[in-house]
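# Sharing a sequence plus its predicted fold:
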Amino acid sequence: MGEGNPYAGEVALTLDGERHLLKLTLGALAELEAAMESDSLVALVSRFETGAFNTRDVARLLLAGLRGGGWRGAADQLLSANIDGGPVEATRVAALLLGRAFALPGK
């Protein structure tokens, strides 16, 4: 299936058999930050860099990325969806999405 356009910060994920492009737009980042309450985006990046992230971090990132890509589903729909590749793929996509949002292409 393709990985999305890395130069646009996109990552692809298949939910319930349907391919979606995820992207952390400014609005999606603002929503993510609001969902994290007192936590910061810097702390989230740090958790992924050190491997100290949790499933809530993965779900929040995926939801924000899906919303940034135009998906209008609810959080409970994401949590109950069948993700191709399971939790390992969900984690890989979340980490890649975060990296693409804050790194220059080709770095």
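Now that the structure is in, tell me what you want to look at.
# Could you report the separation of residue 58 from residue 7?
The gap separating residue 58 from residue 7 is 24 Å, by C-beta to C-beta, to the nearest Å. Just so you know, the C-beta spots here come from the backbone N, C-alpha and C atoms, and that holds for glycine as well.
# more neighbours, those two?
More crowded of residue 58 and residue 7, by other C-beta atoms under 10 Å: residue 58, with 19 against 10.
# Scan the protein for its longest helix.
Ordering each helix of the chain by length in residues (DSSP state H) puts helix 86-102 first.
# Quick check: mean pLDDT of that helix?
Mean per-residue pLDDT for helix 86-102: 92.
# ok, and what's touching that helix?
By C-beta atoms under 8 Å, 6 or more residues apart in numbering, the surrounding residues in contact with helix 86-102 are 3, 6, 9-13, 22-24, 29, 44-45, 48, 53, 55, 57-58, 61-62, 65, 83, 85.
# my guess is residue 35 meets residue 60, correct?
Yes: the pair residue 35 / residue 60 is scored as a contact, 5.4 Å apart, by C-beta atoms under 8 Å.
# between the two, who's got more neighbours?
More neighbours surround residue 60 than the other of residue 35 and residue 60, with 21 against 15 (other C-beta under 10 Å).
# In three-state terms, how would the more buried one be classified?
helix (DSSP: H, G, I helix; E, B strand; the rest coil).
# Now for residue 67, how many residues are close by?
With other C-beta under 10 Å as criterion, residue 67 counts 21.
# Tell me where the chain has helices.
26-35, 41-50, 55-68, 75-80, 86-102.
# Just give me how far the third one sits from the chain centre.
Here helix 55-68 is found 4 Å from its chain centre; the criterion is C-alpha atoms, centre = their mean, to the nearest Å.
# just checking, what packs against that helix?
Contacting helix 55-68 under the criterion 3 or more C-beta pairs under 8 Å, 6 or more residues apart in numbering; DSSP states H and E are the following elements: strand 11-15, strand 18-22, helix 26-35, helix 41-50, helix 75-80, helix 86-102.
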